[in-house]
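In: This is a predicted model, with the sequence first.
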Amino acid sequence: MHKLQTAAVAIALAFGAGTVAAADLARKDARFLQDAAESGQLEISASQIAERNASHPDVKAFAKMMVDDHTKVDGELKTLASSKNVQLPTEPTRKVRSALSDLQKKTGADFDKEYADDIAVDAHEDAVELFEKAAKDAEDADVKAFAAKTLPSLQQHLAKGKELQSLVKSSRENAQMKR
């Protein structure tokens, strides 16, 4: 009987070994992956809207770059999360849906301003902060490496977003002066 119990424990341990990797991933590392996915969903979806609805050609160009770059990172993130047995959100969160709904209500120069402020700058400031923390503090080497590898691109997006924000602001001011 003792041999049977020992065999059962050995089998249970062998089958459970795959889930140990997920359990070993620090909660904060798993949370980072989920938060990064949410951030990416917002930036991709908002930028897809901007590709259609923006009136300023530079906003449209920035939005296209965001869709391309963030879609690539999203694929890498999904691969990493899958390898760590971390479930990422499959649908936009309430926060993302709310932000997208607000953005969709805008048109013309108002749309351009909100996209530049909320997505090009604010969302990227949040993403840079999120990825800086993970690049510094993540316990899992793969998670830390992903954050560190992605961070320079996000910092570049933020810098370009600030340029875009300034450009949109000056365009609005010039348009108002002409009235």
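Out: Cool, got the structure. Numbers count the residues shown, from 1 in each chain.
In: for the residue nearest the centre of the chain, phi and psi?
Out: Centroid-nearest residue in the chain: G40, 2.4 Å away (criterion: CA atoms, centre = their mean). Backbone geometry at G40, expressed as degrees, to the nearest 10, gives phi -60, psi -40.
In: isn't it right next to V67, touching?
Out: No: proximity of G40 to V67 does not meet the contact threshold set by CB atoms under 8 Å, at 10.8 Å. (Each C-beta comes from the backbone N, C-alpha and C, glycine too.)
In: In this structure, spot the helix with the most residues.
Out: Taking DSSP state H as the criterion, the chain has its longest helix at helix 141-178.
In: what helices or strands is it leaning on?
Out: Packing contacts for helix 141-178, counted by 3 or more CB pairs under 8 Å, 6 or more residues apart in numbering; DSSP states H and E, involve helix 27-53, helix 57-83, helix 108-114, helix 124-137.
In: Can you say which of the ones you listed is nearest to Q165?
Out: Checking the helices and strands packed on helix 141-178 against Q165 by CB to CB gives helix 108-114 as the closest, at 8.3 Å.
In: How many residues are close by L42?
Out: L42: 24 surrounding residues under other CB atoms under 10 Å.
In: oh, and call the first residue 620 from now on, that's how I've got it
Out: All right, first residue 620 from here; so that's L661.
In: In space, what's closest to it - neighbours in sequence excluded?
Out: Of all residues beyond its chain neighbours, the one nearest L661 is V715 (4.7 Å), with distances taken as CB to CB, 6 or more residues apart in numbering.
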